[in-house]
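**Student:** 3D, please:
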Amino acid sequence: MRTMAALARTPGAPLEVGEITLDDPREDEVLVKVLAAGICHTDLSAAAGRLPVRMPIVLGHEGAGVVVQVGSRVSAVKPGDRVLLTPDFCGTCRQCRLGATTYCERTGQLVFGGTRLDGSTKASVDGEPVRAGFFGQSSFSEYTLATERNILPVAGTTAPLAHLAALTCGVSTGAGAVLNALQVRPEQSLAVFGTGTVGLAAVMAAKMVGVRRIVAVDRHPIRLELARELGATHVIDTGVHADAAAAVHDLFPSGVDRTFDSTGVPAVLGAALASLGTRGICGFVAGTGATLPVDLGSMLIKGAQLRGIMGGDATGLVFLADLVTAYEDGRLPVDRLVTTYRLDRINQAFEDMRAGRTIKPVIVFDDADR
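**Tutor:** I've put the predicted structure just below:
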């Protein structure tokens, strides 16, 4: 079938919105009419050429929509079902069998390669192959193909898909870092560096489990004010306090129990690490190609840890279903982060996100409020 999509052809160039030809669904695939698709910094990095993607490719990995057609082997969903799309995983490697699907050993192919497990592409333009399986979905398209592995039915909720789409990667990553990886307890202290979607999701998750001391660190006063409204008990404006670690220690002289960096900027991650107290843990979720000088002696004496976290250590679709429930219950107000754009304004959405004017841009198609 022919469908409108945003195509990345050249690293650093604007996305091209136009028609692609999408394959018919195979026996294990699901054809989805996309109604909303969140934009993540990973999409920006891929479009800029900072990730190992091959172009031309349709990006987008926070999709939500309605099932149109299913293959003969599909039983989890049926036409008409409202669904969320998640990053794909193979389901058979050792990490997947252990439940650590965000560390799937075939991530390079299914997530960044943008192909099926057999290496085939899913779309074309004028006979030229197009990679339309970014994160197993390529949801910057009116229609896309997914599998049962990375599709979650949400028939039981009437929440707008434009809000639910935001849960599927960025929010899941931030909330999962706090709840799954760092396992922050109410009596512990947490400092979150960077208050974009991922960082604010970490703040919301910490509040959700009753953490009583939550510090938000950023250079945008408006975002820091939002962080306060969403649960931060203290904020540090790096435009005022150039030494963020010293500012954290001014609040908590012994340091904090957990820190979380969502920026991927080495200097910021270094500040997060320096803010730790004894036996503290610093988690980070970004930093492709970055390097960080680390004082191992200081870490050793304090028993401190530095931990990379992929996808919030989420397990398959289970964690996402929990986040949907938390949003419905009012404990995870992701709607406070969302700004919507139509597909033909996707390059403006990218630019607004880069500039910090928008926290969570979401591309919406027809009937996005379904």
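**Student:** How is this structure divided into domains?
**Tutor:** The chain breaks down by automatic domain parsing into domains covering 2-168+333-364, 173-311.
**Student:** could these go into TSV alongside mean neighbour count, mean pLDDT and distance to Phe319?
**Tutor:** In this view, the C-beta of every residue, glycine as well, is placed from N, C-alpha and C. TSV is the format used below for those (neighbours: other CB atoms under 10 Å; pLDDT from 0 to 100; distance: least, CB to CB, whole Å):
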stretch	mean neighbour count	mean pLDDT	distance to Phe319
domain 2-168+333-364	20	96	9
domain 173-311	20	96	6
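**Student:** I'd like those domains as JSON lines, with distance to Leu323 appended.
**Tutor:** Listed next are the domains of the chain as JSON lines, based on distance: least, CB to CB, whole Å:
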{"stretch": "domain 2-168+333-364", "distance to Leu323": "5"}
{"stretch": "domain 173-311", "distance to Leu323": "6"}
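**Student:** Ok, which of the ones you listed comes nearest Leu317?
**Tutor:** domain 2-168+333-364 (4.6 Å; CB to CB).
**Student:** Surely Gly312 touches Ala175?
**Tutor:** Yes. Between Gly312 and Ala175 there is a contact at 6.2 Å, judged by CB atoms under 8 Å.
**Student:** all strands for the stretch 201-350 of the chain, in order.
**Tutor:** With strands called from DSSP state E, counting those that start in this stretch, the stretch 201-350 of the chain shows them at 213-218, 234-237, 256-261, 276-284, 305-308, 338-342.
**Student:** Let me have the ones you listed in TSV, extended by distance to Phe89.
**Tutor:** Output for the strands of the stretch 201-350 of the chain, formatted as TSV (distance: least, CB to CB, whole Å):
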stretch	distance to Phe89
strand 213-218	31
strand 234-237	36
strand 256-261	24
strand 276-284	21
strand 305-308	18
strand 338-342	26
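**Student:** between these, which gets nearest to Tyr327?
**Tutor:** strand 338-342 (11.4 Å).
**Student:** Show me what the closest one is packed up against.
**Tutor:** helix 161-164, helix 346-355, strand 360-364 (3 or more CB pairs under 8 Å, 6 or more residues apart in numbering; DSSP states H and E).
**Student:** Generate TSV for these, with distance to Gly71 as supplementary columns.
**Tutor:** Formatted as TSV, those follow (distance: least, CB to CB, whole Å):
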stretch	distance to Gly71
helix 161-164	23
helix 346-355	29
strand 360-364	26
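**Student:** Ok, which of these comes nearest Ala205?
**Tutor:** Comparison of these against Ala205 by CB to CB identifies strand 360-364 as nearest, at 15.4 Å.
**Student:** The nearest residue to Val58 once chain neighbours are set aside and Leu190, how far apart?
**Tutor:** In space, Val58 comes closest to Ser138 once its chain neighbours are excluded; the distance is 3.9 Å by CB to CB, 6 or more residues apart in numbering. As judged by CB to CB, to the nearest Å, Ser138 and Leu190 stand 35 Å apart.
**Student:** next one: Thr315
**Tutor:** 22 Å.
**Student:** Over to Asp126?
**Tutor:** Distance from Asp126 to Leu190, by CB to CB: 51 Å.
**Student:** swap in Gly231?
**Tutor:** Gly231 is 10 Å from Leu190, by CB to CB.
**Student:** what sits in contact with each of the two?
**Tutor:** Ala206, Ile214 (CB atoms under 8 Å, 6 or more residues apart in numbering).
**Student:** The residue nearest to Val58 against Ala132, yeah?
**Tutor:** Yes. Counting by CB under 8 Å, Ser138 touches Ala132, with 4.3 Å between them.
**Student:** Quickly list what's touching both of the two.
**Tutor:** Common neighbours of Ser138 and Ala132 (CB under 8 Å, 6+ apart) are Ala5, Ile57, Val58, Gly114, Lys122, Ala123, Thr144.
**Student:** for the residue nearest to the first one when sequence neighbours are not counted, what are its contacts?
**Tutor:** Meaning Ala5. The shortest distance from Ala5 to any non-neighbouring residue, by CB to CB, 6+ apart, is to Ser141 (3.6 Å). Counting by CB under 8 Å, 6+ apart, Ser141 makes contact with Thr3, Met4, Ala5, Ala6, Ile20, Leu22, Val34, Val58, Gly60, Ala132.
**Student:** Show the pLDDT at Asp367.
**Tutor:** Predicted confidence (pLDDT) for Asp367: 62.
**Student:** how about the helices in this structure?
**Tutor:** 41-48, 94-97, 107, 161-164, 170-176, 197-208, 221-230, 244-251, 266-274, 296-302, 318-328, 346-355 (DSSP state H).
**Student:** mind putting those helices in TSV, distance to Pro14 included?
**Tutor:** Output for the helices of the chain, formatted as TSV (distance: least, CB to CB, whole Å):
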stretch	distance to Pro14
helix 41-48	9
helix 94-97	36
helix 107	27
helix 161-164	23
helix 170-176	22
helix 197-208	22
helix 221-230	26
helix 244-251	34
helix 266-274	28
helix 296-302	43
helix 318-328	31
helix 346-355	5
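**Student:** then stretch 69-89 to CSV, C-alphas only?
**Tutor:** The C-alpha coordinates for stretch 69-89 follow below in CSV (Å, rounded to 0.1, in the frame of the first residue of the first chain):
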residue,chain,number,x,y,z
GLN,A,69,-4.9,-6.0,9.3
VAL,A,70,-3.1,-9.0,11.0
GLY,A,71,-1.2,-11.9,9.6
SER,A,72,-2.4,-15.5,9.8
ARG,A,73,-0.2,-16.3,12.8
VAL,A,74,-1.1,-13.2,14.9
SER,A,75,-3.5,-13.8,17.8
ALA,A,76,-2.7,-11.1,20.3
VAL,A,77,-4.6,-8.3,18.5
LYS,A,78,-7.3,-8.0,15.9
PRO,A,79,-8.5,-5.3,13.5
GLY,A,80,-10.0,-2.3,15.3
ASP,A,81,-7.8,-2.7,18.5
ARG,A,82,-6.2,0.5,19.9
VAL,A,83,-2.5,-0.3,20.4
LEU,A,84,0.8,1.1,21.5
LEU,A,85,4.0,0.2,19.7
THR,A,86,7.3,-0.4,21.6
PRO,A,87,10.9,-1.0,20.7
ASP,A,88,11.2,-4.4,19.1
PHE,A,89,13.3,-7.4,20.4
